[in-house]
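1. Starting from these lines, generate the structure:
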Amino acid sequence: MNDTDTIHPPATDPASPIITMDQVVKRFGEATVLDHLDFQVAKGEKVTIIGPSGSGKSTVLRILMTLETINEGMIYVGGQPLWHEIQNGQPVPAGEAHLRAMRKQMGMVFQQFNLFPHMTVLRNITESPIHVLGLSKDKATRRARKYLELVGMTEHAEKFPSQLSGGQQQRVAIARALAMHPSIMLFDEPTSALDPELVGEVLTVIKRLSEEHDLTMLLVTHEMEFARQFSDRVCFFDKGVIVEQGPPEEIFTEPKVERTREFLKNVVPAQP
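-> Next up, the predicted model:
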């Protein structure tokens, strides 16, 4: 297996969205969290999802990562059905082998860091490339050290998570996701568990990734100023649908929908 220095996704038709959600419905019991959602993301696009708690933001990422199933609709990633396989021209529920193959295209950084406490930083990063991708230990270690350098954590390779600050642990989590060479990076409130003084160091790493690498990136966050700087497009979710979307300056400066204006008025500091 090749271990190139690229984190680029495999070649796909540049005219086709890398992610398509078509009339997706997700229910938890009686509650409808996603209500016939239509959502597309272009290859290499940086998209931020904002909205109130319970609006379906994190559910979108968890579904893409195959951590949650869907009740209705179709999802395509890289032109292939995510939760289905096509047999005799008809979609049928996907088997585990298909889901594993699709899952390899995506890396996710969670609110909590989810590092293994009994493993060193280096081993936290090499475990999945070895056991999921089948890399040799040496190749996985070289890859891990490359991404530790990228996130500024090289000198902490032999430490355990308990010896790191929250910001450092989240940077390790980003390196771990990158080590799988995903097509798509998903960030679910990556700074919400951090002390305020540590938020900036994680956002700096994410912004550097967005500027230096041709990754498709989806970010759920309440950091509105960062969303303005980071995003090609901002989507405002409410009650399981996209209420409004557009370039960040348009959404934050001149939102067209009253519900968007109400939300932003409560979360964006007033300009002096």
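
2. chain center to the helix or strand Arg261 falls within: distance?
-> Using DSSP states H and E, Arg261 sits within helix 258-267. Computed by CA atoms, centre = their mean, to the nearest Å, the chain-centroid distance of helix 258-267 equals 24 Å.

3. pLDDT weak spots in this protein?
-> For the chain, the stretches with pLDDT under 70 are 1-15, 269-272.

4. Strands of that one, start to end?
-> 19-28, 31-41, 46-50, 72-77, 80-81, 84-87, 90-93, 106-109, 184-188, 216-220, 233-238, 241-246 (DSSP state E).

5. The helix holding Arg261 versus strand 233-238: what angle between them?
-> 100 degrees (axes from the mean of the first three to the mean of the last three CA atoms, to 10 degrees).

6. by contact count, what packs against helix 258-267?
-> Counting contacts by 3 or more CB pairs under 8 Å, 6 or more residues apart in numbering; DSSP states H and E, helix 258-267 packs against strand 233-238, strand 241-246, helix 248-253. C-beta: built from backbone N, CA, C; applies to glycine.

7. Mean neighbour count, the ones you listed: which tops it?
-> Each of these was scored by mean neighbour count; the highest is strand 233-238, a mean of 22, by mean count of other CB atoms under 10 Å.

8. quick one: that strand to chain centroid distance?
-> Using CA atoms, centre = their mean, the distance between the centre of strand 233-238 and that of its chain works out at 15 Å.

9. what angle sits between it and strand 46-50?
-> Going by the same axes, to 10 degrees, strand 233-238 makes 20 degrees with strand 46-50.

10. Each with direction, which strands does strand 233-238 pair with?
-> Under the criterion DSSP bridges, strand 233-238 sits next to strand 46-50 (parallel), strand 241-246 (antiparallel) in its sheet.

11. Would you mark the buried spots in the helix holding Arg261?
-> The neighbour-count check on helix 258-267 (16 or more other CB atoms under 10 Å) flags Thr260, Phe263, Leu264 as buried.

12. Output the helices and strands packed on helix 258-267 in TSV, with distance to His118 appended to each entry.
-> Shown next, in TSV, are those (distance: least, CB to CB, whole Å):
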stretch	distance to His118
strand 233-238	37
strand 241-246	42
helix 248-253	41
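
13. Summarise which helices and strands the helix ranked longest in the chain is packed against.
-> As assigned by DSSP state H, the longest helix anywhere in the chain is helix 196-212. On a contact count with 3+ CB pairs under 8 Å, 6+ apart, helix 196-212 meets helix 137-150, helix 166-178, strand 216-220, helix 224-230.

14. and of those, who's closest to Leu82?
-> The closest of the helices and strands packed on helix 196-212 to Leu82 is strand 216-220. By CB to CB, the value is 13.9 Å.
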